[in-house]
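> here is a sequence together with a model predicted from it:
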Amino acid sequence: MRTVGLITGSGFYEIDAGVHPRQRRLETPYGEVSLQEAELVGHRLLALARHGAGHELLSHQVRHHANIWALRELGADAIVATSVVGIMDAGLPLATPIVFDELYFPSNRLPDGRPTTFFTTPGDPRRGHLILATPFSPSLRHRLIDAARAEGIDSVEGGCYVHVDGPRFNTRTEIAALRTAGGTALSQTCGPETVLAAELELPFALLGFGVDYANGVQESPTPSEELSANLARHSAVATRIIIRMMTDLAPDAELPFDTGFVFRMES
């Protein structure tokens, strides 16, 4: 049996997979975390809604350190995160999963200005520099891609996720600059999750779902009715991919930390 951590985003607040999850609360050094635990297709799933029930927390209020720490403490072997995103490539269709393979998060800071790191205590024997060969686990990405294919779900097999600070959305000029940097799609939460999971040497993959086009990508904004419909589809599509990935996961499957390494000051 493997334990998979699942961090869900906007419009995806609980597991809807025919299971009866157990509610869990865990106190971490970074605050209390609420999540759901369930047995699913022979594996253990830990599902955590980053925004809380009913989207209680806006993007700048999400407790990234607590969330990642809790999943590690409860034994997650790997983490898959989902996020609704704004598409910056006019050639990509909406309502299509994106299995990102690159990250644009140059500030490496939380919205309150603090660096995104667990290494905050001088002399901490765990301290080190995270060196990423690739931000998202290649082996975990391939499992998600294979799962989408097996379910007959078209997906975008690669792309650069851009992290921006919220809760404000970006201007046309800001979006144009991010497109020039190579961005495929953006949202406001997954940069810190990617970095913090890697500092704890947890394999991490990000599954995006385009709900609208970012400001200025098309002549007219995505109609609100279409945006709402895409939001409603997000959880059902992501759930199918996650369940299929776990169904195809052998009980003794290797889930390696294969994104890079932490160069530690002490060994």
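Okay, I see it. Residues are numbered from 1 along each chain as shown.

> quick one: neighbours of Ala229, just the number.
13 (other Cβ atoms under 10 Å). C-beta: built from backbone N, CA, C; applies to glycine.

> name the nearest residue to it, sequence neighbours excluded.
The shortest distance from Ala229 to any non-neighbouring residue, by Cβ to Cβ, 6 or more residues apart in numbering, is to Ala95 (7.9 Å).

> same question, Arg127
Excluding the flanking residues, the one nearest Arg127 by Cβ to Cβ, 6+ apart is Phe119, at 4.3 Å.

> just Gly11 next, same as before
The nearest residue in space to Gly11 (Cβ to Cβ, 6+ apart) is Leu231, at 4.4 Å.

> count the residues that sit near that neighbour.
18.

> doesn't Ser10 make contact with it?
Yes: the pair Leu231 / Ser10 is scored as a contact, 6.6 Å apart, by Cβ atoms under 8 Å.

> any shared contact partners between these two?
Shared contacts of Leu231 and Ser10 (Cβ atoms under 8 Å, 6 or more residues apart in numbering): Val84.

> so what's the residue nearest to Ala229 up against?
Phe209, Gly210, Val211, Ala229, Asn230, Arg233, Val237.

> just the buried ones from those residues?
With neighbours counted by 16 or more other Cβ atoms under 10 Å, the contacts of Ala95 contain buried members at Phe209, Gly210, Val211, Asn230, Arg233, Val237.

> out of the residues you listed, which are inside helices?
Among these, DSSP state H puts Asn230, Arg233, Val237 in helices.

> for those, give me a markdown table that also has distance to Gly158 and pLDDT.
Formatted as a markdown table, these follow (distance: Cβ to Cβ, whole Å; pLDDT from 0 to 100):
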| residue | distance to Gly158 | pLDDT |
| --- | --- | --- |
| Asn230 | 21 | 94 |
| Arg233 | 21 | 93 |
| Val237 | 18 | 95 |
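
> the stretch 101-250 of the chain: strands as residue ranges?
Remark: strands assigned in the stretch 101-250 of the chain by DSSP state E, counting those that start in this stretch are 102-104, 128-132, 160-163, 185-187, 204-213.

> each with direction, which strands does the last one pair with?
Based on DSSP bridges, the strands next to strand 204-213 in the sheet, each with its direction, are strand 78-87 (parallel), strand 97-99 (antiparallel).

> looking at these, which is buried most?
Among the strands paired with strand 204-213, the stretch with the highest mean neighbour count (mean count of other Cβ atoms under 10 Å) is strand 78-87, at a mean of 26.

> mind telling me what element Arg25 is part of?
Secondary structure assignment for Arg25, by DSSP states H and E: strand 22-28.

> output the contacting helices and strands for that strand.
For strand 22-28, the packing partners by 3 or more Cβ pairs under 8 Å, 6 or more residues apart in numbering; DSSP states H and E come out as strand 31-40, helix 64-73.

> quick check: buried residues in it?
So for strand 22-28, counting by 16+ other Cβ under 10 Å, buried means Leu26, Thr28.

> of the strands of the stretch 101-250 of the chain, flag the one that's most buried.
Of the strands of the stretch 101-250 of the chain, the one with the most neighbours on average (mean count of other Cβ under 10 Å) is strand 204-213, at a mean of 26.
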